[in-house]
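Trainee: The sequence isn't on hand, but the structure is:
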(Lines give C-alpha, C1' and ligand atoms only; values in the text may rest on other atoms or scores of the structure.)
Protein backbone atom coordinates (compact mmCIF):
# COMPACT_ATOMS: atom_id res chain seq x y z
CA UNK A 1 0.00 0.00 0.00
CA UNK A 2 1.38 3.40 -0.95
CA UNK A 3 2.07 6.10 1.60
CA UNK A 4 -0.55 8.32 -0.05
CA UNK A 5 -3.18 5.59 0.25
CA UNK A 6 -2.33 5.10 3.92
CA UNK A 7 -2.66 8.84 4.55
CA UNK A 8 -6.04 8.90 2.83
CA UNK A 9 -7.26 6.01 4.97
CA UNK A 10 -6.02 7.68 8.15
CA UNK A 11 -7.74 10.92 7.18
CA UNK A 12 -11.02 9.13 6.48
CA UNK A 13 -10.82 7.11 9.70
CA UNK A 14 -10.32 10.22 11.83
CA UNK A 15 -12.84 12.38 9.98
CA UNK A 16 -15.43 12.02 12.76
CA UNK A 17 -13.23 13.92 15.22
CA UNK A 18 -13.74 17.39 13.75
CA UNK A 19 -17.47 16.79 13.42
CA UNK A 20 -17.93 15.65 17.02
CA UNK A 21 -15.91 18.65 18.28
CA UNK A 22 -18.21 20.97 16.35
CA UNK A 23 -21.30 19.11 17.60
CA UNK A 24 -20.13 19.53 21.21
CA UNK A 25 -19.60 23.26 20.71
CA UNK A 26 -23.15 23.44 19.35
CA UNK A 27 -24.59 21.49 22.29
CA UNK A 28 -22.91 23.88 24.69
CA UNK A 29 -24.05 26.96 22.77
CA UNK A 30 -20.46 28.15 22.55
CA UNK A 31 -20.89 30.24 19.40
CA UNK A 32 -24.07 31.84 20.76
CA UNK A 33 -22.22 32.89 23.91
CA UNK A 34 -19.08 34.15 22.15
CA UNK A 35 -20.44 37.48 20.91
CA UNK A 36 -17.43 39.47 22.16
CA UNK A 37 -13.88 38.64 23.28
CA UNK A 38 -13.89 37.15 26.78
CA UNK A 39 -11.77 35.05 29.09
CA UNK A 40 -11.89 31.28 28.98
CA UNK A 41 -13.38 31.29 32.50
CA UNK A 42 -16.15 33.71 31.48
CA UNK A 43 -16.99 31.65 28.41
CA UNK A 44 -16.98 28.44 30.45
CA UNK A 45 -19.32 30.02 32.98
CA UNK A 46 -21.69 31.19 30.24
CA UNK A 47 -22.01 27.73 28.71
CA UNK A 48 -22.00 25.75 31.96
CA UNK A 49 -18.77 23.83 31.42
CA UNK A 50 -15.40 23.46 33.09
CA UNK A 51 -12.76 26.05 32.21
CA UNK A 52 -10.03 23.45 31.65
CA UNK A 53 -12.08 21.52 29.13
CA UNK A 54 -13.31 24.66 27.40
CA UNK A 55 -9.72 25.83 26.96
CA UNK A 56 -8.88 22.52 25.24
CA UNK A 57 -11.98 22.74 23.08
CA UNK A 58 -11.10 26.31 22.07
CA UNK A 59 -7.58 25.24 21.11
CA UNK A 60 -9.00 22.93 18.48
CA UNK A 61 -11.70 25.34 17.33
CA UNK A 62 -8.97 27.96 17.01
CA UNK A 63 -6.85 25.61 14.93
CA UNK A 64 -9.93 25.05 12.76
CA UNK A 65 -10.15 28.82 12.22
CA UNK A 66 -13.53 29.12 13.94
CA UNK A 67 -12.37 31.34 16.82
CA UNK A 68 -9.17 32.86 18.21
CA UNK A 69 -7.47 31.78 21.43
CA UNK A 70 -4.82 34.23 22.66
CA UNK A 71 -3.55 33.29 26.11
CA UNK A 72 -6.61 33.36 28.34
CA UNK A 73 -8.71 35.37 25.86
CA UNK A 74 -11.19 33.81 23.43
CA UNK A 75 -12.37 35.98 20.54
CA UNK A 76 -14.92 35.42 17.78
CA UNK A 77 -13.81 35.23 14.15
CA UNK A 78 -15.75 37.45 11.75
CA UNK A 79 -18.09 35.35 9.64
CA UNK A 80 -17.55 32.08 11.51
CA UNK A 81 -19.40 33.04 14.68
CA UNK A 82 -22.33 34.55 12.78
CA UNK A 83 -22.62 31.45 10.60
CA UNK A 84 -22.44 29.01 13.52
CA UNK A 85 -24.63 30.82 16.06
CA UNK A 86 -28.27 29.73 16.30
CA UNK A 87 -30.07 30.87 13.15
CA UNK A 88 -26.80 31.44 11.29
CA UNK A 89 -26.11 30.27 7.76
CA UNK A 90 -24.43 27.01 8.84
CA UNK A 91 -26.41 26.31 11.99
CA UNK A 92 -29.10 24.11 10.41
CA UNK A 93 -26.53 22.17 8.38
CA UNK A 94 -24.40 21.26 11.39
CA UNK A 95 -27.47 20.53 13.51
CA UNK A 96 -28.91 18.36 10.72
CA UNK A 97 -25.75 16.26 10.55
CA UNK A 98 -25.68 15.90 14.31
CA UNK A 99 -29.36 15.08 14.80
CA UNK A 100 -30.33 13.34 11.57
CA UNK A 101 -27.33 12.05 9.59
CA UNK A 102 -24.78 10.84 12.16
CA UNK A 103 -27.25 8.56 14.01
CA UNK A 104 -28.00 6.85 10.70
CA UNK A 105 -24.36 6.28 9.74
CA UNK A 106 -23.56 4.89 13.19
CA UNK A 107 -25.85 2.00 12.18
CA UNK A 108 -24.75 1.61 8.57
CA UNK A 109 -23.62 -1.96 9.19
CA UNK A 110 -27.10 -2.86 10.44
CA UNK A 111 -28.64 -1.36 7.30
CA UNK A 112 -26.23 -3.25 5.06
CA UNK A 113 -26.95 -6.55 6.81
CA UNK A 114 -30.72 -6.23 7.11
CA UNK A 115 -31.78 -3.71 4.47
CA UNK A 116 -33.84 -1.94 7.16
CA UNK A 117 -34.08 1.84 7.29
CA UNK A 118 -32.45 3.25 10.40
CA UNK A 119 -34.37 6.46 11.15
CA UNK A 120 -35.74 4.71 14.24
CA UNK A 121 -32.29 5.48 15.69
CA UNK A 122 -33.12 9.19 15.87
CA UNK A 123 -33.25 10.20 19.53
CA UNK A 124 -36.62 11.89 19.00
CA UNK A 125 -38.26 9.02 17.06
CA UNK A 126 -41.52 7.80 18.56
CA UNK A 127 -43.19 4.40 18.82
CA UNK A 128 -44.93 3.39 16.66
CA UNK A 129 -42.51 4.76 14.10
CA UNK A 130 -43.68 6.92 11.22
CA UNK A 131 -44.15 5.05 7.95
CA UNK A 132 -41.31 7.07 6.39
CA UNK A 133 -38.48 9.29 7.56
CA UNK A 134 -40.44 12.31 6.34
CA UNK A 135 -43.51 11.29 8.32
CA UNK A 136 -41.40 10.86 11.45
CA UNK A 137 -39.80 14.27 10.99
CA UNK A 138 -43.25 15.83 10.48
CA UNK A 139 -44.20 14.75 14.02
CA UNK A 140 -41.44 16.95 15.44
CA UNK A 141 -41.68 20.57 14.20
CA UNK A 142 -38.26 21.65 15.51
CA UNK A 143 -36.51 18.69 13.88
CA UNK A 144 -38.44 19.23 10.64
CA UNK A 145 -37.45 22.90 10.65
CA UNK A 146 -33.78 21.98 11.08
CA UNK A 147 -34.01 19.40 8.30
CA UNK A 148 -35.70 21.81 5.86
CA UNK A 149 -33.19 24.54 6.69
CA UNK A 150 -30.33 22.18 5.85
CA UNK A 151 -32.05 21.12 2.62
CA UNK A 152 -32.54 24.75 1.59
CA UNK A 153 -28.87 25.40 2.29
CA UNK A 154 -27.70 22.37 0.28
CA UNK A 155 -30.00 23.40 -2.59
CA UNK A 156 -28.70 26.95 -2.76
CA UNK A 157 -28.11 27.83 -6.40
CA UNK A 158 -30.39 25.09 -7.77
CA UNK A 159 -33.17 27.56 -8.55
CA UNK A 160 -30.79 30.00 -10.22
CA UNK A 161 -29.44 27.16 -12.39
CA UNK A 162 -32.99 26.37 -13.58
CA UNK A 163 -33.86 29.93 -14.64
CA UNK A 164 -32.28 29.80 -18.15
CA UNK A 165 -34.20 26.61 -18.96
CA UNK A 166 -37.46 28.05 -17.67
CA UNK A 167 -37.00 31.22 -19.74
CA UNK A 168 -35.95 29.27 -22.82
CA UNK A 169 -39.18 27.28 -22.59
CA UNK A 170 -41.35 30.32 -21.91
CA UNK A 171 -42.59 29.04 -18.58
CA UNK A 172 -45.04 31.36 -16.81
CA UNK A 173 -46.78 28.85 -14.53
CA UNK A 174 -44.64 26.34 -12.67
CA UNK A 175 -45.85 23.54 -10.37
CA UNK A 176 -43.24 22.65 -7.72
CA UNK A 177 -43.91 19.15 -6.37
CA UNK A 178 -42.19 18.46 -3.05
CA UNK A 179 -41.17 22.06 -2.36
CA UNK A 180 -39.50 21.47 1.01
CA UNK A 181 -38.62 24.76 2.67
CA UNK A 182 -39.26 26.64 -0.57
CA UNK A 183 -35.68 27.77 -1.17
CA UNK A 184 -35.53 26.68 -4.83
CA UNK A 185 -38.87 28.35 -5.59
CA UNK A 186 -37.74 31.58 -3.92
CA UNK A 187 -34.60 31.71 -6.08
CA UNK A 188 -36.68 31.28 -9.24
CA UNK A 189 -39.22 33.92 -8.19
CA UNK A 190 -36.45 36.40 -7.37
CA UNK A 191 -34.94 35.96 -10.84
CA UNK A 192 -38.19 35.73 -12.87
CA UNK A 193 -40.78 38.41 -12.09
CA UNK A 194 -42.94 36.98 -14.88
CA UNK A 195 -43.44 33.55 -13.28
CA UNK A 196 -46.01 32.12 -10.85
CA UNK A 197 -45.25 29.02 -8.78
CA UNK A 198 -47.61 26.59 -7.09
CA UNK A 199 -45.73 24.56 -4.47
CA UNK A 200 -46.95 21.35 -2.82
CA UNK A 201 -45.70 19.21 0.07
CA UNK A 202 -46.81 17.63 3.34
CA UNK A 203 -48.98 19.93 5.53
CA UNK A 204 -46.29 20.34 8.22
CA UNK A 205 -43.72 21.18 5.53
CA UNK A 206 -46.05 23.73 3.92
CA UNK A 207 -46.46 25.56 7.24
CA UNK A 208 -42.69 26.03 7.49
CA UNK A 209 -42.33 26.96 3.80
CA UNK A 210 -45.05 29.62 4.15
CA UNK A 211 -43.32 31.12 7.18
CA UNK A 212 -39.99 31.28 5.33
CA UNK A 213 -41.45 32.72 2.16
CA UNK A 214 -43.47 35.36 3.99
CA UNK A 215 -44.95 38.06 1.80
CA UNK A 216 -41.89 38.59 -0.41
CA UNK A 217 -43.54 37.07 -3.48
CA UNK A 218 -47.19 37.35 -2.46
CA UNK A 219 -49.51 36.88 -5.41
CA UNK A 220 -46.96 34.80 -7.32
CA UNK A 221 -46.19 31.96 -4.90
CA UNK A 222 -48.95 29.65 -3.70
CA UNK A 223 -48.14 26.89 -1.20
CA UNK A 224 -50.64 24.10 -0.53
CA UNK A 225 -50.64 20.60 0.98
CA UNK A 226 -50.32 17.83 -1.56
CA UNK A 227 -49.43 14.14 -1.72
CA UNK A 228 -46.82 13.40 -4.38
CA UNK A 229 -47.88 9.78 -4.69
CA UNK A 230 -51.62 10.42 -4.82
CA UNK A 231 -51.17 13.41 -7.11
CA UNK A 232 -52.23 17.06 -6.79
CA UNK A 233 -54.86 19.06 -8.64
CA UNK A 234 -52.87 21.65 -10.57
CA UNK A 235 -53.75 21.06 -14.21
CA UNK A 236 -52.51 22.93 -17.25
CA UNK A 237 -49.08 24.01 -15.95
CA UNK A 238 -46.36 25.12 -18.36
CA UNK A 239 -43.82 23.10 -16.36
CA UNK A 240 -43.52 20.81 -13.36
CA UNK A 241 -40.44 20.82 -11.14
CA UNK A 242 -39.24 17.86 -9.08
CA UNK A 243 -36.28 19.14 -7.09
CA UNK A 244 -34.35 16.46 -5.20
CA UNK A 245 -37.38 14.16 -5.18
CA UNK A 246 -37.07 11.04 -7.33
CA UNK A 247 -34.04 9.53 -5.58
CA UNK A 248 -36.01 9.27 -2.33
CA UNK A 249 -38.56 6.82 -3.74
CA UNK A 250 -38.60 3.29 -5.15
CA UNK A 251 -39.30 2.49 -8.81
CA UNK A 252 -43.07 2.10 -8.48
CA UNK A 253 -43.39 5.32 -6.49
CA UNK A 254 -41.28 7.21 -9.02
CA UNK A 255 -43.62 6.15 -11.79
CA UNK A 256 -46.63 7.32 -9.76
CA UNK A 257 -44.96 10.68 -9.12
CA UNK A 258 -44.13 11.14 -12.80
CA UNK A 259 -47.65 10.14 -13.84
CA UNK A 260 -49.01 12.80 -11.51
CA UNK A 261 -46.54 15.33 -12.88
CA UNK A 262 -47.58 14.55 -16.46
CA UNK A 263 -51.26 15.04 -15.59
CA UNK A 264 -50.49 18.50 -14.24
CA UNK A 265 -48.89 19.62 -17.52
CA UNK A 266 -50.54 21.24 -20.47
CA UNK A 267 -50.02 19.34 -23.78
CA UNK A 268 -46.36 19.69 -24.67
CA UNK A 269 -45.54 21.02 -21.19
CA UNK A 270 -42.11 20.61 -19.64
CA UNK A 271 -40.75 18.50 -16.81
CA UNK A 272 -37.63 19.66 -14.97
CA UNK A 273 -35.74 17.40 -12.59
CA UNK A 274 -33.03 18.62 -10.24
CA UNK A 275 -31.11 15.55 -9.02
CA UNK A 276 -27.63 14.48 -7.95
CA UNK A 277 -26.87 11.91 -10.64
CA UNK A 278 -24.50 8.97 -10.52
CA UNK A 279 -21.91 8.59 -13.26
CA UNK A 280 -22.89 6.28 -16.09
CA UNK A 281 -20.80 3.42 -14.64
CA UNK A 282 -22.46 3.90 -11.23
CA UNK A 283 -19.08 4.20 -9.50
CA UNK A 284 -19.35 7.83 -8.39
CA UNK A 285 -19.01 10.75 -8.02
CA UNK A 286 -18.45 10.94 -4.26
CA UNK A 287 -21.44 13.19 -3.51
CA UNK A 288 -23.90 10.94 -5.30
CA UNK A 289 -22.29 7.81 -3.84
CA UNK A 290 -22.67 9.11 -0.28
CA UNK A 291 -26.27 10.13 -0.95
CA UNK A 292 -26.89 6.60 -2.19
CA UNK A 293 -25.97 5.33 1.28
CA UNK A 294 -28.23 7.96 2.87
CA UNK A 295 -31.08 6.58 0.76
CA UNK A 296 -30.30 3.09 2.07
CA UNK A 297 -30.26 4.36 5.65
CA UNK A 298 -33.37 6.53 5.63
CA UNK A 299 -35.43 6.40 2.43
CA UNK A 300 -36.80 3.82 -0.02
CA UNK A 301 -34.92 4.85 -3.14
CA UNK A 302 -31.43 5.30 -4.56
CA UNK A 303 -29.49 7.78 -6.66
CA UNK A 304 -30.00 7.42 -10.39
CA UNK A 305 -27.77 7.74 -13.45
CA UNK A 306 -28.72 9.64 -16.59
CA UNK A 307 -29.58 6.44 -18.49
CA UNK A 308 -31.89 5.27 -15.69
CA UNK A 309 -33.60 8.66 -15.61
CA UNK A 310 -34.07 8.57 -19.37
CA UNK A 311 -35.59 5.08 -19.33
CA UNK A 312 -37.90 6.05 -16.47
CA UNK A 313 -39.07 9.22 -18.25
CA UNK A 314 -39.64 7.42 -21.54
CA UNK A 315 -41.81 4.81 -19.79
CA UNK A 316 -43.78 7.66 -18.23
CA UNK A 317 -44.57 9.33 -21.57
CA UNK A 318 -41.89 12.01 -21.79
CA UNK A 319 -39.78 12.87 -24.85
CA UNK A 320 -36.96 15.26 -25.85
CA UNK A 321 -35.00 14.27 -22.75
CA UNK A 322 -31.85 16.31 -22.07
CA UNK A 323 -29.36 16.00 -19.21
CA UNK A 324 -27.07 18.76 -18.00
CA UNK A 325 -24.37 18.38 -15.37
CA UNK A 326 -24.63 21.34 -13.02
CA UNK A 327 -24.09 22.56 -9.46
CA UNK A 328 -25.37 22.11 -6.84
CA UNK A 329 -27.45 19.43 -8.60
CA UNK A 330 -27.70 18.08 -12.12
CA UNK A 331 -30.67 18.99 -14.33
CA UNK A 332 -32.83 16.77 -16.54
CA UNK A 333 -35.38 18.40 -18.86
CA UNK A 334 -38.11 16.62 -20.81
CA UNK A 335 -41.39 17.33 -22.57
CA UNK A 336 -44.76 15.65 -22.24
CA UNK A 337 -46.06 14.03 -25.41
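Mentor: Ah, there it is. Source: prediction; values computed, not measured. Numbers count the residues shown, from 1 in each chain.
Trainee: what are the ranges of the strands in this structure?
Mentor: Applying DSSP state E to the chain gives strands spanning 38-39, 67-70, 73-76, 173-177, 196-201, 221-225, 237-243, 265-275, 318-324, 330-336.
Trainee: Reformat these as JSON lines; add mean neighbour count.
Mentor: For the C-beta atoms, the positions are set from N, CA and C on the backbone; glycine is no exception. Shown next, in JSON lines, are these (neighbours: other Cβ atoms under 10 Å):
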{"stretch": "strand 38-39", "mean neighbour count": "16"}
{"stretch": "strand 67-70", "mean neighbour count": "16"}
{"stretch": "strand 73-76", "mean neighbour count": "19"}
{"stretch": "strand 173-177", "mean neighbour count": "24"}
{"stretch": "strand 196-201", "mean neighbour count": "24"}
{"stretch": "strand 221-225", "mean neighbour count": "18"}
{"stretch": "strand 237-243", "mean neighbour count": "24"}
{"stretch": "strand 265-275", "mean neighbour count": "20"}
{"stretch": "strand 318-324", "mean neighbour count": "15"}
{"stretch": "strand 330-336", "mean neighbour count": "22"}
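Trainee: Could you provide those strands in JSON lines, with additional columns for distance to residue 9?
Mentor: Formatted as JSON lines, the strands of the chain follow (distance: least, Cβ to Cβ, whole Å):
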{"stretch": "strand 38-39", "distance to residue 9": "40"}
{"stretch": "strand 67-70", "distance to residue 9": "30"}
{"stretch": "strand 73-76", "distance to residue 9": "34"}
{"stretch": "strand 173-177", "distance to residue 9": "42"}
{"stretch": "strand 196-201", "distance to residue 9": "41"}
{"stretch": "strand 221-225", "distance to residue 9": "47"}
{"stretch": "strand 237-243", "distance to residue 9": "36"}
{"stretch": "strand 265-275", "distance to residue 9": "31"}
{"stretch": "strand 318-324", "distance to residue 9": "34"}
{"stretch": "strand 330-336", "distance to residue 9": "30"}
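Trainee: want to throw those into TSV with distance to residue 137 and mean pLDDT?
Mentor: Putting those into TSV (distance: least, Cβ to Cβ, whole Å; pLDDT from 0 to 100) gives the following:
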stretch	distance to residue 137	mean pLDDT
strand 38-39	37	98
strand 67-70	32	98
strand 73-76	32	98
strand 173-177	18	98
strand 196-201	12	98
strand 221-225	16	97
strand 237-243	18	98
strand 265-275	21	98
strand 318-324	30	97
strand 330-336	25	98
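Trainee: Just want the most central residue of this protein.
Mentor: The residue lying closest to the centre of the chain (Cα atoms, centre = their mean) is residue 151, at 2.5 Å.
Trainee: Excluding covalently adjacent residues, which one is nearest to that one?
Mentor: Distances taken as Cβ to Cβ, 6 or more residues apart in numbering put residue 180 closest to residue 151, at 5.1 Å, once the chain neighbours are dropped.
Trainee: you'd agree that neighbour is up against residue 244?
Mentor: Yes: counting by Cβ atoms under 8 Å, residue 180 does reach residue 244; the two are 7.5 Å apart.
Trainee: Show me the common contact partners of these two, please.
Mentor: 151, 155 (Cβ atoms under 8 Å, 6 or more residues apart in numbering).
Trainee: Looking at these two, which has the bigger crowd around it?
Mentor: Taking neighbours as other Cβ atoms under 10 Å, residue 180 and residue 244 compare with residue 180 leading, 24 against 20.
Trainee: Now do the contacts for the more buried one.
Mentor: 148, 151-152, 155, 201, 205, 209, 243-244 are the contacts of residue 180 under Cβ under 8 Å, 6+ apart.
Trainee: closest to residue 14 among those?
Mentor: residue 151 (28.0 Å; Cβ to Cβ).
Trainee: For residue 328, see how far away the closest one is.
Mentor: Taking Cβ to Cβ, to the nearest Å as the measure, residue 151 falls 11 Å from residue 328.
Trainee: Equivalent analysis for residue 125, please.
Mentor: 29 Å.
Trainee: one step back: wouldn't the residue nearest to the centre of the chain be in contact with residue 182 here?
Mentor: No: using Cβ under 8 Å as the test, residue 151 is too far from residue 182 to be in contact (10.2 Å).
Trainee: pLDDT below threshold where in this structure?
Mentor: Residues of the chain meeting the criterion pLDDT under 70: 1-3.
Trainee: What residue in it is the furthest from its centre?
Mentor: The outermost residue of the chain relative to its centre, with distances by Cα atoms, centre = their mean, is residue 71 at 39.4 Å.
Trainee: mind checking the backbone torsions on that one?
Mentor: Phi and psi for residue 71, reported as degrees, to the nearest 10, are phi 70, psi -120.
Trainee: quick one: it and residue 164, what's the gap?
Mentor: In terms of Cβ to Cβ, residue 71 sits 53 Å off from residue 164.
Trainee: now residue 327
Mentor: Distance from residue 327 to residue 164, by Cβ to Cβ: 14 Å.
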